[in-house]
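J.: pasted the sequence and its predicted model underneath.
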Amino acid sequence: ALAESIKPKQKRAAELQNQIDTNSGAILKVVVVNDFPLWLDLDLIKKNFATKSLSLSVGKILLLDLNQKSLVALDLAKKSNQILAGGDKLGQVKMATLNGDMAYAYSADKGVLKVELPVGGLQKEPVIVVKPDSNWGLINDLYGFGGNLYLLDEFKNAIWKYIPVVSGFAEARNYLAEGVKVDFAGVRKIQIDSSVWVLKNDGELIKFTQGARDHFSYSGLDVPINKPISFFVSDETDNLYLLDSGNSRLLVLDKKGGYSGQYQSGQFKDFIDLVVDEKNKKVYLLSGQKIFQMDLL
């Protein structure tokens with residue numbers, strides 16, 4: 001009799017656990033991705049073309065091949081490409097960013113170069129707009145936003161801001177407000193919407209607004225972030241997207257750090273950068289010499 005009374009309880013418990021397991025994905029807003037369609041093989045641009053990062057602005061993606069010293073703009077709608085500049089004209093080029101119809105490249109020997117996107121097929125020559133500065137330490141990344149340029153300096157714990165003037169750019173000033181103390185050791189990437197965001201190797205995301213430290217903290221995560229590779233946020237996204245390589249997922253967060261959902265796949269371990277077209281519900285993910293696509297739900 002005792003055994004018979006236990007069995008129904010065990011059965012009900014098992015059924016309840018099964019319900020929890022079945023619904024946990026919905027509860028945690030987890031989407032398992034089984035397929036990433038190939039969007040573009042970069043060999044189609046140039047043989048052995050390879051890049052480490054993507055920069056998105058106004059429907060175009062900027063790519064920089066460090067080995068071949070080629071700067072290329074991709075049109076998302078047409079999937080066409082334009083080679084903007086290359087070779088010795090870019091000097092010891094390290095990184096690049098796209099801001100509207102202007103591409104900017106940081107070169108260790110030349111400084112910052114501006115390359116206008118071609119209009120009517122007419123290619124423009126790169127122009128040095130910021131010369132190397134003795135105040136720079138180690139420039140890890142740069143970003144163009146609203147016509148301004150921002151250089152992330154790991155060694156000086158600074159974000160150098162350059163404001164456009166008639167002759168090019170005014171002298172640099174530190175974007176960070178006086179008295180703001182930060183440690184940029186191990187910084188990975190800078191992104192800007194109306195605020196400035198900096199990602200570090202340990203997963204810390206630092207948010208600044210008008211030069212001051214702004215509140216941002218992760219909340220609602222099921223497991224801690226592990227080996228973040230890259231992130232994306234812009235003035236055209238409502239959310240922030242974080243490639244959490246160690247957990248094989250793409251995290252979706254609100255701009256205060258609150259958990260909104262996640263996409264899971266073993267393939268997320270292979271991606272090294274991303275850009276997000278939230279309006280058209282598309283994510284573009286870089287892996288090796290290929291760009292893959294994922295739909296947002």
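T.: Sure thing, it's come through.
J.: quick one: Lys89 from Leu253, how far?
T.: 39 Å (C-beta to C-beta, to the nearest Å). Every C-beta, even on glycine, is put in place using the N, C-alpha and C of the backbone.
J.: quick one, which of the two is more surrounded?
T.: Leu253 (23 against 17; other C-beta atoms under 10 Å).
J.: show me what contacts that one?
T.: Tyr218, Asn239, Leu240, Tyr241, Leu242, Tyr259, Ser260 (C-beta atoms under 8 Å, 6 or more residues apart in numbering).
J.: how far away is the residue lying closest to the first one once chain neighbours are set aside from Ser219?
T.: On the basis of C-beta to C-beta, 6 or more residues apart in numbering, the spatially nearest residue to Tyr218 that is not a chain neighbour turns out to be Gly257, at 4.8 Å. As defined by C-beta to C-beta, Gly257 lies at a distance of 6 Å from Ser219.
J.: Asp75 now?
T.: Taken as C-beta to C-beta, the span from Asp75 to Ser219 is 38 Å.
J.: so for these two, which sits in the more crowded spot?
T.: Higher neighbour count among Asp75 and Ser219: Asp75, with 13 against 10, using other C-beta under 10 Å.
J.: just the C-alphas of stretch 283-297, formatted as CSV.
T.: The C-alpha trace of stretch 283-297 is given here as CSV (Å, rounded to 0.1, in the frame of the first residue of the first chain):
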residue,chain,number,x,y,z
VAL,A,283,22.8,39.5,-37.4
TYR,A,284,26.0,39.3,-39.4
LEU,A,285,28.7,37.1,-37.8
LEU,A,286,32.4,36.9,-38.8
SER,A,287,34.3,33.6,-38.8
GLY,A,288,37.6,33.2,-40.6
GLN,A,289,37.1,34.3,-44.2
LYS,A,290,33.3,34.1,-44.2
ILE,A,291,30.4,36.2,-43.0
PHE,A,292,27.3,34.3,-41.8
GLN,A,293,23.8,35.5,-41.2
MET,A,294,21.3,34.9,-38.4
ASP,A,295,17.7,36.0,-38.1
LEU,A,296,16.5,37.8,-34.9
LEU,A,297,13.2,36.7,-33.6
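J.: so for that stretch, mean pLDDT?
T.: In this model, stretch 283-297 has a mean pLDDT of 96.
J.: contacts for that stretch, please.
T.: Around stretch 283-297, the neighbours that count as contacts under C-beta under 8 Å, 6+ apart are 31, 33, 36-43, 48-54, 56, 61, 76, 241, 250, 263, 267, 270-278, 281-282.
J.: buried only: go through those residues for me.
T.: 31, 33, 36, 39-40, 42, 49-51, 53-54, 56, 61, 76, 241, 250, 263, 267, 270-277 (16 or more other C-beta atoms under 10 Å).
J.: tally of neighbours for Gln262?
T.: Using other C-beta under 10 Å: Gln262 sits among 23 other residues.
J.: is it bridged to anything, and to what?
T.: Beta-bridge pairing of Gln262 under DSSP bridges involves Val30, Leu251.
J.: for Ala105, see how far away Leu240 is.
T.: Taken as C-beta to C-beta, the span from Leu240 to Ala105 is 26 Å.
J.: which residues touch Leu71?
T.: 62-64, 83-86, 90, 93, 96, 103, 105, 115.
J.: for the closest residue in space to Pro228 that isn't next to it in sequence, give me its contacts.
T.: Closest residue to Pro228 apart from its sequence neighbours, by C-beta to C-beta, 6+ apart: Gly203 at 4.7 Å. Taking C-beta under 8 Å, 6+ apart, we find Gly203 in contact with Pro224, Ile225, Asn226, Pro228.
J.: now do Trp39
T.: Lys79, Tyr284, Ile291, Phe292, Gln293.
J.: ok, and the most crowded of the residues you listed?
T.: Neighbour-wise, the contacts of Trp39 (other C-beta under 10 Å) top out at Ile291, 25 neighbours.
J.: beta-bridge partners for it, please?
T.: Leu40, Leu286.
J.: so Ile61 is in contact with Leu98, correct?
T.: Yes: contact criterion C-beta atoms under 8 Å: Ile61 and Leu98 qualify, at 7.5 Å.
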